Each structure stands twice: as structure tokens, then as C-alpha cells.
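Visitor: Next input, structure requested:
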Amino acid sequence: MTAHTYRDLLTRLDAWFAAARRDAGGLVPCREGCTACCHGPFDISVADAELIGEALDRMPAADRERATERAQALLARMRALEPTWSSPYAVDALGEDRFDRLTDALAAEPCPLLDEAGRCGIYADRPLVCRMIGLGMRTPAGRTIENACPIQERFPGYASLPPATFELEAFEEVELACLREAAARRFGDPERWGFETTIAAAILTSRHPERSEG
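Guide: Predicted coordinates for the structure are as follows:
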């Protein structure tokens, strides 16, 4: 299994979102350029961090440098709140409560990958969580994941949309294999598949490992 497989997995998620959005008859406002959910640090997987690194490699040099500078500034703010947090900036090194306090304190900070016009610089390679926000999800096993869009109440009918069915359990089986392979590539240990970090940390540890401590 390769990074290409993880991209295929994300494409499957995108297809579900697109179909559910069509079925909703124009009630879902999510689109490229909307940045309502693109603020504050949040956790991303080891596979997402890998895709971010690959996307940065394809960026024009000036855009890549701007994203790196923004990531450096945001990571410095995170380190000011959590001085002992260090590379590779694993979320579980802080624990849930401390990470929640960190994200709450920096909830208004824009993602370092947004450009001046509010567009995502790596939209095709954005993390999995970015693709799930905007619709509720119902799975064959009976799980329900609520729509996490922070502005859904602003749009008539949007917040009351029923969750759309998605075969999440089957999706997660393939995702786990992808995470294990990404962890093996990054850490030499597939058992670190549960590693999570933030976008800013992923940018810095990908581009300038020697600067990721500052």
C-alpha cells in the first residue's frame, strides 16, 4: 500500500461529500475558498503530514516560503503556551486536556496554508478532517458524526440536514493500513500509526527539521 492509496481513499471521501452535497439541493455552502473551518490548530494523521510535505515540494518557492514562515510563527505561539512541547510535536505528548486548551487559545489563528485571498495552498492534498467538515455522517454500524461546520446556523436549512450515509468502517480499515505504512516511512515503526500532529508542525518538520524546535 502506498501514499497513492491514501490519496485514493481521500478521493473516495470527496466523492461521498460531492454526492451528498448534490442531494442536499444547494443547502451546503462548503466550497473551496470558504475558510470558516480553517482556523486554530487541530490534529492530523501521520499520512496527512506526509501528503502535506509532498504538496509543499510541488509549491512555487515563494508560496512555500510564505507557508513555512506562517507555520514558524504559529508554532512559536504554540510553544509559548506549551514550552516543553518539542519535535515531532505529537498531540499525545500533550494529552487531550492540554491540547484542547492550546486549540482553544489559538482558535482564531488562520491555517498557515491559507493565502492572502483565503484560498488553501494545498487544497487537493488537504487533510482528511478538512474533507469531512460540512456534512453529518451516518455509518452502516450505526455511528453518527455530527456536522462540525462552525457557521452552519447562518444558512437556512443547512443545520437541519440529516446525516449522509458513508461506509466509514470499511474506509477505516484501509485508512489504518495507510497510516501504518506512513508511520513506517516516517519513524521506521508501523506501530506508531496513531501519531498525530498539527499542520504547522507538519510543515516545519517537513521543510526545516533543524528549525522546528524554535
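Visitor: List the contacts of the residue lying closest to Cys30 once chain neighbours are set aside.
Guide: In space, and not counting its chain neighbours, Cys30 is closest to Gly134: 3.7 Å by C-beta to C-beta, 6 or more residues apart in numbering. Just so you know, the C-beta spots here come from the backbone N, C-alpha and C atoms, and that holds for glycine as well. Residues near Gly134 by C-beta atoms under 8 Å, 6 or more residues apart in numbering: 17, 21, 28, 30, 37, 147-149.
Visitor: Now render these as CSV, adding neighbour count.
Guide: Output for the contacts of Gly134, formatted as CSV (neighbours: other C-beta atoms under 10 Å):
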residue, neighbour count
Phe17, 20
Arg21, 19
Val28, 23
Cys30, 18
Cys37, 18
Asn147, 19
Ala148, 13
Cys149, 21
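Visitor: any low-confidence regions in this structure?
Guide: 1-3, 207-214 (pLDDT under 70).
Visitor: Could you rerun that using 80?
Guide: 1-4, 206-214 (pLDDT under 80).
Visitor: Nearest the middle, which residue of it would you pick?
Guide: Centroid-nearest residue in the chain: Pro127, 3.5 Å away (criterion: C-alpha atoms, centre = their mean).
Visitor: Tell me, how many residues neighbour the nearest residue to it once chain neighbours are set aside?
Guide: Leaving aside its sequence neighbours, Pro127 sits nearest to Asp48 (C-beta to C-beta, 6+ apart; 3.8 Å). By the measure other C-beta atoms under 10 Å, the count of residues near Asp48 is 24.
Visitor: Just the element for Asp48, please.
Guide: Counting by DSSP states H and E, the element that carries Asp48 is helix 46-58.
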